[in-house]
Every structure is written in C-alpha cells, then in structure tokens.
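# Predicted structure and sequence below. I'll ask about it afterward.
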Amino acid sequence: MIPASRRRLAVLYLVLAGLLLGLGARVWYLQVPTHASYVALANQDRVRNVIQPSVRGQILDDTGAPMVDSQSSMVVSVNMAKLSQQPDGGAAEMKRLAGLLGIRDSVMTEKVRLCTAGVPQPCWPGSPYQPIPVAQDVPAKVALQVLESQREFPGVTAEVQPITHYAQPVSSAAAQVLGYLQPITSQEVKNLGAPVTGISSVDLVGQSGLEQQYDRQLRGQPGQQEVAVNAGGQVTQTIKRVKPRAGDDLVTSINAQLQQDAEKVLTQAILKTQAEGNARATTGAAVVMTTTGRIVAMASYPTYDPSVWTGGISAGEYRSLFGSSQGEPILNRATQGQYAPGSTWKVTTAAAAVAAGYSLYGSYDCPASVNVGGRVFNNDFGDGGVMSLHQALVLSCDTIFYNFGYDIWQGDDRKADVVTSPHAPVQEMQKMELAWGFGKDTGIDLPGQSPGSVPTRQWLYYFWKDNAHTGQDWCKYGRANGSYVQQIDYDNCQTGNVWTPGQAVNAAIGQGYVSVTPVQLARAYAALANGGRLYSPRIGEALLGPDGSVVQKINPPVARRLPVSQTALAYIRSALAGVVTQGTAAGAFGGFPLSKVCVAGKTGTAQVAGNLATSVFASFAPCANPKYVVVMMIPNSGYGADVSAPAVRQIWDDIYGLEGHKAALPGGTLPGLPHGNTAGQIVPAAGSSNGGRKK
C-alpha cells in the first residue's frame, strides 16, 4: 500500500473511532443521567388527563325552591381549534351551521370570537381549545342532523350538557342579586391558582351577584381521570379516577313572592311617574330587610332576564345590559346606586344634636327661612312656629335641622375648615353619620357595592383635588366674570377645599354632597328600629351539601352599635310613627289598617341640581316590636310622599296580606331553614308551602 493511502486510511479510522465514541457517549447520556426525565416524558405522551366538570350548586329561596339550578339540555358547540385548520378558517361551515340553527351570520360570529386585545364584547372569554356553546335547547332533529353530517360539520358537536336554568319569574325579579356565569379566562385561572382551587379551563365562574360571592362553594370540585392511550390516541386503560364533588346549594333569605311583589311595585311606581309626563324617572330600587340584617327582597329597576347569558350573548343584548340607553339593567341599584337621602337623613342629625347637648324634650323655632353665611335656606312649608323635636321630625321642619347643622358647625374646629391635607379631622356631625354606617361599604354578601358619600373634610380634600385641576378642571375653565357655570367653577376652584357653613346646613338635611345607597339606608333604619345594632346584611342563609346536610349557617354579623342612647332611639322611633299618622306620609297611608300593622317611617325629597327630586321613603314595622324595614328610592321622580311612600305601603300590604293582598310572610314570620330528607330532596321547613326538589 502506498504511504498516502495508508495515511488516508488512518485518518478514516480516527474519524470512525471518534464517531463511535461520540455515539457511545450520547447513548450513555440518554440511558443514565437523563433516563428518569425521558421516562417521565414518555409517560406524558401516553397518559392523558380528562377533567370531569362538577355539578354546580343551586341558589334557593327561603323555602328551598330553586331560583337558579342546572338542567340537561341538547347543546350545539363549535370547536374553533378544528375550524381554524380549514382552508377558509371554517367560514363556510359556520355559515351552514348558522342557517341550520336559524341564527344570523353576524350573531354566530359574535358567539365564537375569542376575547383578545381589541375585540369588543361580547366574545368568548374561555379557552380557545374548549368547544364554544352556540345554541341550547336544540331540537333533537337538528342535533341528529349535526351528528349525522360530520362531513359538513366536522368542527361541530351536539350533546346533552347541564346548563344553567333560571326559574321564572323570580329570577328576572332578582337578576342583579343572583348574578351570572361566564367561562373562566386564563387570567382568572392564574389569579385563582388552579392547583389549589381545582379550577380548570372548562369551568364557569360567577361574574357578579351571589354567583360571584359564593362561587367557590357553588362550583364544587371537578373530577379527573388519568387514562393511558396508544399511538393512535385510543384509551387502553384508566390509571386513576377522582370523582367530581357537586357544589353546595346556597339557601338565601329571599322570599320569592315578596321579591316579585317588590319588583312589580317598584316598576309600577316608575311607569306611573312616566305616564304622568316625567320621562326622566327611569331607575330606582327597593329593599326589604329584617331588623336582624337579613335581606328578604331587593329590587332594582330596570331589570332583565338572566337567561340571556346562557348559550352565548349577542352584541345587541350586551349593549342593552350595559348601555345607558336602556338604563344599564346590569347594575344593582340597591347596592350600587348613590342617591341623596333627603329628610330620611334627619334621624342622624337629630342624634347628632342630642349628642351635642340639645334636649330631646326642648322647644325649637321653625321659621320660614334661615340666613347662613349670606345665603337664605327656606323651609318647605313656611313658618311652623315653635315645636318639639318630635314635631320637627313628624312635620319635617327643615329650618330646625338647618340650625342644628349650623350651630354644631360653629362649635367645631374652625381652623380645620380649610382642608389642605387628607388627614384633616372629621367634623362632629359627620362622626355621627359615619357611625350609622354611611360613607362606607355595608359588608353585604354581594360584590361591587358603592360606598356613598359622607362629606368629611378628608372626602372634601379628595373631591377638590379630583376636580380643581383634573376631571371638571374648575381652575382651567372657571371665570370670575364669565357665564354662570364659569363663575361656579371659579368659586369651586378658589374655595372648593373649604368646609363652609352652607355645606354643613345642607348636609344636615341629607342634601349637598351627601349620598347613600338604598341598602345603606335600610341597614341604618334597621339599627334605629332594633335598638342600635348595625348589621352587615346577609342574603345567604346557609350552605347545604350535596346530601342536603347543613355545611354552614350564615348569620349577619353586628358591625357596631350606634352611639345613641336607648332613650333617644325610642324617642325618634315614636316620632316616625307620627309621620305616618299625622305627618308627611299621612296622605300616602290614609285608610291603611295601622291597628293591625303599625308602620313608622320618614319621607325624603332630595333636590338635585339640574334634575327632579329623588323620592325616598324609609320605614319599619310593627312600631312596638319592629321586625322589618322597607326602603324605596326613585331618582328624578318627585316628592317622597307622592311616589315612594304609596309604593312602600303596597309592599307592607304584600308582607302581611293586608287590603286584599296575599301574605308573602303570614303573620310576619320567616320560614325555617330548608333541609335535606332521606330521599336526597331539599324540603321546606315545617309550615312552608313550597314542595321539595331532588338535586
């Protein structure tokens, strides 16, 4: 062999040896150091996790009858992951499906488009790999056509699924209280922590109301199967199975009949006002609450049918729910509406006056007007002469309460009235108002409530900061010698951070910057009626397990006690009983059987700049031993005595079965807690009329 060939052969041997050495090292690396990780990856390839959704718990009324439950329905769903693989992105298939289901193409597009940046509502917030339901309660004939025509509909399925069912008419009457469900988003899964909570991408979660507040308990625990599959994707065995646990049932204190009655009465009051020529009365709320903090009825107008959420919502339906043109029915105005309380607020001013040293049994002048800081504040009915505090509440003399507000302002810390810091001290009268639970969340078991406003110095500081140089920009647009609006803006820019005597006297009668939610007013009057215990209201009464056993009883906690003596509270209660017999509400309650059920209350007519007055009536009964509170607030409607008081009278008729009405709570007694029986049914407590139902 020639030397050159020998050298080339040696090099080839070296190369082959190097390759063999590298291959051996790689085999050693795969079989020894990384053996365990590759075994795990191989197992992942042949093991699949299958999630089995749990049955969501039901929301029940006070007798155990369902307001929201689950029912089986034929549901047609679209797998967008499959459709996206088609040459046209599934457009032709979607058009064929829309025609089969009788849905417009545009509506079908809205139902299946994914919620991403720049995509308007409505859209699909769930996983893009999860089949999207586009129609429910589909006729068997249509479902069969989908199943038998997989060439035409390869990305469409039809199967029986549990869907949310809303019992009518109570669910529409309580739509905002109940809330609604939507598929969980990936961000919500991340926020909640799926490994801990058991949440998966196929879950529906509560987005408002009780559905959101008690979502964890209602949702239950989904099941899971680990199955082995072969290369063809066929299941060869079940490795592990964890059964789903059904969610708990939520028993509420909502009385279905009274809820419907309250919603009907509220609606009729608003429509009557509109029929009389006032088109601006478009919203309102009513609350019925026990004096121990349980919500028995909570109505908000306008309302809507919550079943609109099931099977996908169209853009038009979404705009109707959230758009201002329809009054934003999605809002619960009992907890989110903020209105001036008017003269119903005078109970806090009377308590503040007594705390400041004024006598319960003194005599007070009720002039036709008072002059405070160069501004005249008029009484609603002219000169009333000298009267007691009892008469001042019965007749609702504004000027007596103006003077209380002004005198307490004079005795307060005057140096702190120019507010330059959010740490400024609270005024004496506003301390009493805060103590009645105003200006803060009530703690009710509903999400998204509004705090209302008590114009403390701290509140005034932030209000001025938000409007002087931002927002309305008083300082930019104000002019000392400009138009009327410009002059107001100029004054607000200069003195908007000063707590003035005019603001103090306005606040004393529940106007100016004061605002409350209807549920805040109801809990305050419940505290007045029960002797001073201020409760955090509760709608949930108990959670029942899948077997009907009591998992948890839910009791309204006492948030605090009013800083008012029992003598003063009894005095104010007595005066409010006089409001109904000889005061501002006497006309509304003319002929009412007060000998059977004594009702006490206070009218309110809150003037709002640029709008009609907010009509308010807050009441409790029976006078001697109060059990219930009924409050109604209707903005842009007129006098409390003319609009809200007559409507509240009808609700009292409905509660006790007076004047030809059917009693929602015979004898004023609440039903006992529903319970499970041996047959797996939730049955009402003894004496309740509703039948049971099987879970």
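Nice, thanks for sending it over. Given the structure is predicted, the values throughout are model-derived calculations rather than measurements.

# Give the partner strands of the biggest strand by length in the chain in its sheet and their orientations.
Determined from DSSP state E, the single longest strand within the chain is strand 66-78. Its sheet considered, strand 66-78 pairs with strand 59-60 (antiparallel), strand 132-135 (antiparallel), strand 156-166 (antiparallel) by DSSP bridges.

# Only alpha carbons, please: show the helix or strand that it is followed by as CSV.
The first helix or strand that comes after strand 66-78 along the chain, using DSSP states H and E, is helix 80-83. Taking Å, rounded to 0.1, in the frame of the first residue of the first chain, the C-alpha atoms of helix 80-83 are listed here in CSV:
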residue,chain,number,x,y,z
MET,A,80,-62.7,26.7,16.8
ALA,A,81,-59.3,25.0,17.0
LYS,A,82,-60.5,22.5,14.4
LEU,A,83,-62.3,25.1,12.3
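
# ok, now which ones touch Asn506?
With contact taken as CB atoms under 8 Å, 6 or more residues apart in numbering, Asn506 is in contact with 377, 405, 512-514. Bear in mind the C-beta positions are built from the backbone N, C-alpha and C, glycine included.

# ditto for Gly57
217-220, 246-250, 543.

# quick revisit: most tightly packed of the strands paired with strand 66-78?
By mean neighbour count, with neighbours taken as mean count of other CB atoms under 10 Å, strand 59-60 ranks first of the strands paired with strand 66-78 at a mean of 28.

# what comes into contact with it?
Under CB under 8 Å, 6+ apart, the answer for strand 59-60 is 66-69, 178, 210-211, 218, 249-252, 674, 682.

# give me that answer again for 10 Å
Residues from elsewhere that reach strand 59-60, judged by CB atoms under 10 Å, 6 or more residues apart in numbering: 66-69, 166-167, 171, 174, 177-179, 209-211, 214, 218, 249-252, 254, 256, 539-542, 544, 674, 682, 684, 690, 693.

# And these, which of them are buried?
For these, a burial check counting by 16 or more other CB atoms under 10 Å picks out 66-69, 166-167, 171, 174, 177-179, 209-211, 214, 218, 249-252, 254, 256, 539-542, 544, 674, 682, 684, 690.

# Please flag which of these sit within helices.
171, 177-178, 209-211, 218, 256 (DSSP state H).

# closest to Asp489 among the contacts of Asn506?
Nearest to Asp489, judged by CB to CB, of these is Tyr513 at 16.5 Å.

# Return the residues in contact with the closest one.
Applying CB under 10 Å, 6+ apart, we find Tyr513 in contact with 340, 453-456, 459-460, 463, 503, 506-507.

# Next, it: secondary structure please.
Following DSSP: H, G, I helix; E, B strand; the rest coil, Tyr513 is assigned to coil.

# Return the distance of it relative to Val372.
Noted for Tyr513: a distance of 16 Å to Val372, by CB to CB, to the nearest Å.

# Stretch 175-185: how far from the chain's middle?
Relative to the centre of its chain, stretch 175-185 is centred 10 Å away, using CA atoms, centre = their mean, to the nearest Å.

# tell me the mean pLDDT over that stretch?
The pLDDT scores in stretch 175-185 average 87.

# and if you look at stretch 256-272?
Throughout stretch 256-272, pLDDT has a mean value of 97.

# Then stretch 346-359?
Rounded mean pLDDT across stretch 346-359 is 97.

# what does stretch 383-401 give?
Stretch 383-401 carries an average pLDDT of 97.

# Just the buried residues of it, please?
Neighbour-count burial for stretch 383-401 flags 384, 387-401 (criterion: 16+ other CB under 10 Å).

# What segments of the stretch 451-600 of the chain are helices?
457-468, 474-477, 484-495, 501-508, 518-530, 566-582 (DSSP state H, counting those that start in this stretch).

# Out of those helices, name the one with the poorest average pLDDT.
Among the helices of the stretch 451-600 of the chain, helix 484-495 scores lowest, with a mean of 86.

# quick one, it and helix 457-468 angle?
130 degrees (axes from the mean of the first three to the mean of the last three CA atoms, to 10 degrees).

# Any buried residues in helix 484-495, and which?
489-490, 492-493.

# Show me what that helix is packed up against.
Under the contact criterion of 3 or more CB pairs under 10 Å, 6 or more residues apart in numbering; DSSP states H and E, helix 484-495 touches helix 457-468, helix 474-477.

# And the residue lying closest to Gln427 once chain neighbours are set aside, how far from Leu434?
The shortest distance from Gln427 to any non-neighbouring residue, by CB to CB, 6 or more residues apart in numbering, is to Asp412 (5.4 Å). Plainly put, Asp412 is 15 Å away from Leu434 if you go by CB to CB.

# Looking at those two, which is more packed in?
Between Asp412 and Leu434, Asp412 has the larger neighbour count (other CB atoms under 10 Å), namely 20 against 15.

# what's the least confident helix or strand in the protein, going by average pLDDT?
Ranked by mean pLDDT, DSSP states H and E, the weakest helix or strand in the chain is strand 693-694, scoring a mean of 41.

# how about the residue nearest the centre of the chain, what does it touch?
For the chain, the residue lying nearest the average C-alpha position, counting by CA atoms, centre = their mean, turns out to be Gly209 (4.3 Å). Gly209 makes contact with 59, 68, 174-180, 306, 332, 335, 445-448, 539, according to CB under 10 Å, 6+ apart.

# Swap in 7 Å and give it another go.
176-179, 446 (CB atoms under 7 Å, 6 or more residues apart in numbering).

# which of the contacts of Asn506 are buried?
Among the contacts of Asn506, the ones that count as buried by 16+ other CB under 10 Å are 377, 405, 512, 514.

# so what's the third one closest to, chain neighbours aside?
Right, Gly512. Using CB to CB, 6+ apart, the nearest residue to Gly512 is Asn506, at 3.3 Å.

# Could you report the separation of the one you found from Trp409?
Counting by CB to CB - Asn506 and Trp409 are separated by 11 Å.

# One more: Ala279?
Taken as CB to CB, the span from Ala279 to Trp409 is 39 Å.

# got the angle between the helix or strand Ile655 falls within and helix 566-582?
In this assignment (DSSP H and E), Ile655 forms part of helix 644-656. Taking the same axes, to 10 degrees, one finds helix 644-656 and helix 566-582 inclined to each other by 100 degrees.

# Show me what helix 644-656 is packed against.
helix 256-275, strand 614-621, strand 628-634 (3 or more CB pairs under 7 Å, 6 or more residues apart in numbering; DSSP states H and E).

# can you list contacts of the next helix or strand after that helix?
Scanning forward in sequence from helix 644-656 by DSSP H and E, the next helix or strand is strand 675-676. With CB under 7 Å, 6+ apart as the test, strand 675-676 has contacts from 544, 547-549, 682-683.

# Name the member of these with the shortest distance to Val608.
Taking those together and measuring to Val608 by CB to CB, the closest member is Leu544, at 44.7 Å.

# If that closest one is in a bridge, with which residues?
Asp249, Val550.
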